[in-house]
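**Student:** Show me the folded form of this:
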Amino acid sequence: MNNEFTFTIENLFFDENYCPSDNTRITTNFANLARGARRQQNVRDALRMINNRFNVLAHWDNAKGDRYSVELDIISVNVDVEGKGQSFPIIEILKTNIVDHHTEQRIEGIVGNNFSSYVRDYDFSVVLPNHNKGQKEFSIPDNFGDLHGKLFKSFVASDSFKENFTKPPVICLSVSDNKTYQRTGNQHPVLGAEYQPNETSLTEQYFQKMGLQVRYFMPANSAAPLAFYFVGDLLNDYSNLELIGTISTMETFQKIYRPEIYNANTVAGKCYQPNLKNSDHSLTQIVYDREERSQLASEQGKFAEQHFLKPYQRVLEQWAASYA
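**Tutor:** Numbers count the residues shown, from 1 in each chain. Sure thing, here's the model as predicted:
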């Protein structure tokens, strides 16, 4: 049996004219923004927030605070498991590019940033609840996340990835509201103050199966730390501008979707527990449907089960068993 699945990449520019494709998970940050009557204004406002934040962090040789702007590409990854031309939308991530208006250079940014996956929806919104139904104590099923992790690692090792991207991905998520984070003495010029959690989380374990480790940093003028998932050496493999591209993009999305944490009026202290019920926060002017977001995750998980996991079950099981 062929050990290689075929991955194809589609690239879509994210601007005020963006419309989510039929294959896009509707709960994805950028897709959720680009819907409804205010969609163009939503996207315009979000991009303005990203650019403003970028220029605040990249303040050197930037007296007017307008030297840089960020361009975003939506990277949709499809997988063909049988080599017959039938593909399934497996992963969607974001790629940043930085425009330096002083030198008129376009600088390649980091790929990853946002991360969305139908198979992850299936694991967390179908497999996990079914496994714990009627159980007194919460537990994690055997092999939870194994297939998803192998699919992600296979994509990053693929020719498709190497042809399109020069560095491994960095994925940036919000912190967990059921953990406590302690500030360490470590300070990075761009990423800011490092924090360490009091315990590991299911998300950390899940991303570990994808080949990613995690560190938590709170950049200057942020309200809370961000979780950075990466391969290799986060602090030395990427330039300051590359890191600022990811921070400004993902912090903006978190301010919109998690304002209780990332647009809080009180900044995280030395010992910090995120609180999604925190009423002392500001809202952005950007409209989104948070309730719809949570309802759709299980629908999207069932979509993955129906159109990918069940039809290709035997092929996927054989492939996963032989995947090194």
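
**Student:** how about the most centrally placed residue in the chain, secondary structure?
**Tutor:** With distances taken as Cα atoms, centre = their mean, N114 lies nearest the centre of the chain, 2.4 Å away. Look at N114: counting by DSSP: H, G, I helix; E, B strand; the rest coil, its state is strand.

**Student:** Same check on R48?
**Tutor:** helix.

**Student:** Over to E71?
**Tutor:** Recorded secondary structure, E71: strand (three-state DSSP).

**Student:** what do you get for the one 3 residues further on?
**Tutor:** For I74, the reduced secondary structure class is strand; criterion used: three-state DSSP.

**Student:** Hmm, T96 and it touching each other?
**Tutor:** No - using Cβ atoms under 8 Å, I74 makes no contact with T96, being 11.4 Å away. In this view, the C-beta of every residue, glycine as well, is placed from N, C-alpha and C.

**Student:** which non-adjacent residue is nearest the residue nearest to the centre of the chain?
**Tutor:** L94 (4.6 Å; Cβ to Cβ, 6 or more residues apart in numbering).

**Student:** so what pLDDT did the one you found get?
**Tutor:** Per-residue confidence (pLDDT) for L94: 94.

**Student:** cool, Q86 as well?
**Tutor:** Each residue has a pLDDT score; the one for Q86 is 89.

**Student:** Tell me if I'm right that N78 and I90 touch.
**Tutor:** Yes - between N78 and I90 there is a contact under Cβ under 8 Å: 6.5 Å.

**Student:** isn't there a strand covering the residue nearest to N114?
**Tutor:** Yes - counting by three-state DSSP, L94 is found in a strand.

**Student:** Hmm, I74 and it touching each other?
**Tutor:** Yes - with contact defined as Cβ under 8 Å, L94 reaches I74; the gap is 6.3 Å.

**Student:** neighbour-wise, which of the two wins?
**Tutor:** Per other Cβ atoms under 10 Å, whichever of L94 and I74 has more neighbours is L94, with 28 against 21.
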